[in-house]
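1. return atomic coordinates for the entry below.
(one chain, ligands or ions: 3)
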Amino acid sequence: MQVENYKIDEVNNTGISKHQRQFESVAEDIADVEAVLKKLSSFNIAIPSWALGTGGTRFGRFSGGGEPRSLEEKIEDVGVIHALNQSSNSISLHIPWDIPENAAAVKELAAQYGLHFDAVNSNTFQDQSGQKHSYKFGSLHHTDKAVRKQAIEHNIEVIKYGIQLNSKALSVWLSDGSNFPGQLNFRNAFQNTLESLQEIYAALPDDWKVWVEYKPYEPNFYSTTIGDWGQSYLLASKLGPKAATLVDLGHHLQGTNIEQIVSLLLMENKLAGFHFNDSKYGDDDLTVGSINPYQLFLIFNELVEGMDARGMDHATGLGWMIDASHNVKDPIEDLLQSVQAIKIAYAQALIIDKTALKAAQYNNDVALAQEILQQAYRTDVRPLVAEASLSNGGALDPVGAYRKLKIREHLISERGLKTVATGL
Ligand code: PSV
Ligand code: MN
Ligand code: MN
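-> Residues are numbered from 1 along each chain as shown. Ligands and ions are numbered 1, 2, ... in the order given. From the prediction side, this is the model:
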C-alpha cells in the first residue's frame, strides 16, 4: 500500500493550529531555528528488514497480523514508515533472511517509495539448510579452516548482493565466542577472526566500508571473540581505513559509558555508526528511548560535538540504523517511536549552547555544565521534530497518523491475519 500525501495532510490539518502555537513557543528561544530544522529534515535512520515482523524471544513469537510475507512487502512497510515520518529513507537487509533474488526489481520497487539500501548484513550465527559446515563453534574464528572459508565466502556473497543494490557497507556481527572457560584459545580465536576479516576486506569495492559490531555476551555466555569496542577497534585498525566499529547500544554491560566510547571512536575516525535500541538489563531489542532517553541525548551531544569538530555531515557522515524488534508491539509503531526518539535526542543535542558549555568546561564550572546540558534536554523539542517532518510532507505525529489512517487494518485486509514475517 502507498500512503497518499493528501491523507497525511488531512490528518495533519486536525492538529495544525495546536502545533503552530507550540512550535512558535519553542522556536522563540532558539538562536538559529532554521538551521536546526534543516538538519532535522535531512536526517534519516535506516530500517532493518528483520524488524518488520513481530520479533521473538527464544520463548515465543506472537504475530500481530498483516506481517510482511516477502522482501517486497517489507519494502512496502518501510515505505509506510517513510511516508509518515520522512526520516526512514533506507532499508538494511540481512542475508540470507532477505535475499534480493531480482535486485533490479527490488531496487525499482524501493525507489517508488523513495527508498534505497543501507548496509547489508551477513549471517554466520545460524546454520542454513544445505550448508556444508556448522557454525556451532563459531564462524570467522573457527579452529577449522574449512568453516572459516565457508563463512568468508558467505560474506563475500553478501557484498555481491549489496553491490547489486547500491549498498556501500557490509555489517558484520559474529556470535563467535565460548560458553565455558578453557573452551577457546582467545589469541588464536582473535587471530583467526582477523585473518578471515582480512580476506573479506580484500573483496570490498573501493567505495565500500566494513562495519565491525561487538557484543559482550549472548548467545555465548563466557566470552565473545569481538566482545567490546576495544576488540572491534583493534580489528578495524589492523584491517585498514575501510573498516570501522559499529556501536549497537544494547551491546554493553550495564552502566557502560557509551557516550565516551562514541566520542573516542569518532576522534579516531573509527566510528562506523549505530544500531539503535534501548535496554534495561542485558537486552538489545527495546524501543529506542523507551528506557534511557537521557543516555541517548548524551550520545547525540558527543556526536554533534565530535562531528562538527571534524567537519562531518551529520546526515551522511555515519551509518544510522535501528536494530530492535520485540514481540508485543505493532512493529511499524515500534519503529516509528524509535525514529522519533532518535530525532528528539538529536534535536536536543542541536540546541545545546555549545559556546557556554565549552566555557563552563574550560573553567571547571561543573554545576553550570550540567545546567547547560539539562536546559537542552528538558526543552520539549517535539514541535521542532514535527515541524521538520511537516516541511518534508510527513506527519506531525507519525504514530497518531498511522492509527488514524488505520494502516495496520489495511495491511491485515491485504495480507491476512495469520501472517508471519519471513526471516527472523
Ligand atoms: C545481534 O544481537 C545483532 O545486534 C546484530 O546486529 C545482528 O545482525 C542483529 O542483532 C540481528 O540479529
Ligand atoms: Mn546490532
Ligand atoms: Mn543485538
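
2. now do the strands in the chain.
-> Taking DSSP state E, the strands of the chain run over residues 47-48, 56-57, 60-61, 90-94, 116-121, 169-172, 177-178, 209-213, 223-224, 243-248, 271-276, 319-322.

3. how about the residues of the stretch 301-424 of the chain near ligand 1?
-> residue 323 (Cβ under 6 Å from any ligand atom). To be clear about C-beta, it is placed using only N, CA and C from the backbone, and glycine gets the same treatment.

4. from the stretch 301-424 of the chain, which residue is nearest to ligand 2?
-> Closest residue of the stretch 301-424 of the chain to ligand 2, Cβ to the ion: residue 323 (3.8 Å).

5. how many neighbours does the residue nearest to that residue when sequence neighbours are not counted have?
-> Nearest non-adjacent residue to residue 323, counting by Cβ to Cβ, 6 or more residues apart in numbering: residue 275, 3.4 Å away. Neighbour count of residue 275, defined by other Cβ atoms under 10 Å: 27.

6. follow-up on the earlier one: pretty sure the residue of the stretch 301-424 of the chain closest to ligand 2 sits against residue 51.
-> Yes: taking contacts as Cβ atoms under 8 Å, residue 323 lies within contact range of residue 51: 7.4 Å.

7. in terms of mean pLDDT, which of the strands of the chain ranks lowest?
-> Lowest mean pLDDT within the strands of the chain: strand 56-57, at a mean of 69.

8. rewinding a little: residues near the residue of the stretch 301-424 of the chain closest to ligand 2, how many?
-> Residue 323: 27 neighbours (other Cβ under 10 Å).

9. contacting residues for it?
-> 48, 51, 248, 250, 275-277, 284 (Cβ atoms under 8 Å, 6 or more residues apart in numbering).

10. need the residues you listed in CSV (columns: distance to residue 220).
-> Listed next are the contacts of residue 323 as CSV, based on distance: Cβ to Cβ, whole Å:
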residue, distance to residue 220
48, 22
51, 23
248, 16
250, 16
275, 19
276, 24
277, 20
284, 15
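
11. closest to residue 159 out of the residues you listed?
-> The nearest member of the contacts of residue 323 to residue 159, counting by Cβ to Cβ, is residue 48 at 18.0 Å.

12. who's the closest spatial neighbour of that closest one, skipping the chain neighbours?
-> residue 92 (4.8 Å).

13. distance of residue 132 relative to ligand 1?
-> 22 Å (Cβ to the nearest ligand atom, to the nearest Å).

14. the closest residue in space to that residue that isn't next to it in sequence: how many residues sit nearby?
-> Once flanking residues are discounted, residue 132 sits nearest to residue 150: 6.3 Å by Cβ to Cβ, 6+ apart. When neighbours are defined as other Cβ under 10 Å, residue 150 has 18 of them.

15. and what of residue 73?
-> 20.

16. so what's the nearest residue to residue 413 once chain neighbours are set aside up against?
-> Closest residue to residue 413 apart from its sequence neighbours, by Cβ to Cβ, 6+ apart: residue 66 at 7.9 Å. Applying Cβ under 8 Å, 6+ apart to residue 66 gives the contacts 408-417, 419.

17. measure residue 66 to residue 395 for me?
-> 20 Å (Cβ to Cβ, to the nearest Å).

18. then residue 150?
-> Residue 150 is 46 Å from residue 395, by Cβ to Cβ.

19. same deal with residue 346?
-> Taking Cβ to Cβ, one finds residue 346 at 18 Å from residue 395.
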